[in-house]
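Colleague: Requesting a structural model of the entry that follows:
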Amino acid sequence: MRRVSPAALLSLALPLGGCEGVLNPMGAVGEAERTLIFTAVGLMLLVVVPVIVLTLWFAWHYRASNTRARYLPDFHHSTAIEITVWAVPCLIIAILGYITFETTHSLDPYRPLTTAEAGVVPDPAAANKPLEVEVVALDWKWLFIYPEQHVATINEVAFPVNRPVDFVITSDTVMNSFFIPQLGTQIYAMAGMKTQLHLIANKPGTYFGQSANFSGDGFSDMHFNAIATATPADFDTWLDHVRASGRALDAGAIAELEKPTIAVPATYFGSVEGNPFQAYIDKFMGKGEAMRDAMHGADAAPAGETMPGMSGHSGMGN
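Modeller: Take a look at the predicted model:
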């Protein structure tokens with residue numbers, strides 16, 4: 001019989017490294033999702049573990065050499081066993097169905113976070129107002145636009161800790177997926193459409209963000225830093241640093257960003273011209289010159305948030 005080497009056993013555990021962020025959440029949404037994962041796995045193990053244990057026990061106890069085992073060739077029914085093997089799994093399925101239904105709605109990525117859900121004390125100064133960040137998936141980088149602060153960044157996004165963040169997401173290229181594992185849900189970025197994702201960080205730090213959907217040559221390098229600042233003042237300092245860059249997100253900068261590039265370092269734009277996010281959506285909605293007009297500050301007509309035949313939100317996030 002061949003022995004299994006320690007290296008082979010270790011290699012079986014390597015795929016679990018991809019679960020590190022999900023199982024070490026730093027935000028209320030991520031914590032709720034981890035709780036759901038552990039609860040669901042625990043309930044399913046109530047069936048799996050006894051089956052495995054009893055299979056091994058039966059094979060050992062009723063082996064041919066065990067003459068003390070009772071041999072009952074006419075046994076064909078046990079009411080107690082029938083009730084157990086049907087009632088327990090049905091009960092577990094009912095519980096799983098309930099908690100999955102409840103959390104699917106409470107963790108809907110389109111649903112704004114309440115103060116209680118976010119696990120924070122309301123901040124009278126900010127009134128716990130969500131920070132809006134517009135996100136555009138490009139080849140192969142992420143563009144973050146702050147519409148209220150009038151700044152933009154590439155492959156770096158920041159927000160104060162304990163403040164809800166409303167990400168509004170689209171794509172200028174193929175379908176992609178926006179994901180910050182330690183903060184929670186991933187959601188798709190699609191050309192000509194808006195998707196939304198509400199997250200919060202309850203601990204300061206720099207978190208890994210990534211594309212979770214294969215999108216071409218630069219997919220493996222399409223990641224970014226999500227910085228949760230310890231205080232609102234630290235966030236303001238970060239904004240000042242971005243504004244000090246002197247760059248403007250104008251038509252020329254947009255044209256450069258749309259060129260496919262790989263492993264792009266964090267880049268700052270201290271000002272934003274027009275409404276580039278809406279322009280990215282309009283260019284796929286038959287608006288003609290909408291991209292040029294929006295970059296010059298013209299009001300763009302509102303675009304629908306869903307494509308025909310794609311109503312509902314819950315299918316967008318996982």
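
Colleague: going forward, measure contacts and count neighbours with C-alpha atoms only.
Modeller: OK.

Colleague: For residue 170, which residues are in contact?
Modeller: Contact partners of residue 170, counting by C-alpha atoms under 8 Å, 6 or more residues apart in numbering, are 135, 136, 137, 189, 190, 191, 192, 193, 194, 195, 280, 281.

Colleague: mind checking the SS state of it?
Modeller: strand (DSSP: H, G, I helix; E, B strand; the rest coil).

Colleague: hang on, the earlier thing: which of the contacts of residue 170 lies closest to residue 242?
Modeller: Nearest to residue 242 among the contacts of residue 170, counting by C-alpha to C-alpha, is residue 135 at 16.6 Å.

Colleague: check contacts around the closest one.
Modeller: Neighbours of residue 135 in contact, by C-alpha under 8 Å, 6+ apart: 142, 143, 144, 145, 167, 168, 169, 170, 277.

Colleague: quick one on the thing from earlier: of the contacts of residue 170, which is the nearest to residue 221?
Modeller: Scanning those for proximity to residue 221, where the rule is C-alpha to C-alpha, the winner is residue 137, at 13.0 Å.

Colleague: mind checking how far the closest residue to that closest one other than its chain neighbours is from residue 51?
Modeller: Nearest residue to residue 137, sequence neighbours excluded (C-alpha to C-alpha, 6 or more residues apart in numbering): residue 171, at 4.5 Å. Using C-alpha to C-alpha, to the nearest Å, residue 171 is found at 47 Å from residue 51.

Colleague: Among these two, which residue is more densely surrounded?
Modeller: residue 171 (26 against 12; other C-alpha atoms under 10 Å).

Colleague: Could you point out the helix or strand that follows the helix or strand residue 167 falls within?
Modeller: Taking DSSP states H and E as the definition, residue 167 sits inside strand 165-171. Beyond strand 165-171 on the C-terminal side, the first helix or strand identified by DSSP H and E is strand 176-179.

Colleague: which element follows that next one toward the C-terminus?
Modeller: Taking DSSP H and E, what comes next after strand 176-179 is strand 187-189.

Colleague: Look at residue 261 and give its secondary structure.
Modeller: Secondary structure of residue 261, reduced to three states by three-state DSSP: coil.

Colleague: Return the residues in contact with it.
Modeller: 139, 140, 141, 218.

Colleague: which residues touch the last one?
Modeller: For residue 218, the set of contacting residues under the criterion of C-alpha under 8 Å, 6+ apart consists of 139, 140, 261, 262, 263.

Colleague: Quick one: buried ones out of these?
Modeller: Those of these that meet the buried threshold are 139, 140, 261, by 16 or more other C-alpha atoms under 10 Å.

Colleague: Is it possible to get CSV of those residues that adds distance to residue 37?
Modeller: Formatted as CSV, these follow (distance: C-alpha to C-alpha, whole Å):
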residue, distance to residue 37
139, 33
140, 31
261, 36
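
Colleague: any idea which of the contacts of residue 170 is closest to residue 177?
Modeller: The closest of the contacts of residue 170 to residue 177 turns out to be residue 189 (C-alpha to C-alpha; 5.5 Å).

Colleague: my read: that closest one touches residue 179, true?
Modeller: No - using C-alpha atoms under 8 Å, residue 189 is not in contact with residue 179, being 10.4 Å away.

Colleague: ok, these two, which is more surrounded?
Modeller: Set side by side, residue 189 and residue 179 show more neighbours around residue 189, with 27 against 23, by other C-alpha under 10 Å.

Colleague: Residue 86: what secondary structure?
Modeller: With three-state DSSP as the basis, the three-state label of residue 86 is helix.

Colleague: Please report how far it lies from residue 250.
Modeller: In terms of C-alpha to C-alpha, residue 86 sits 65 Å off from residue 250.
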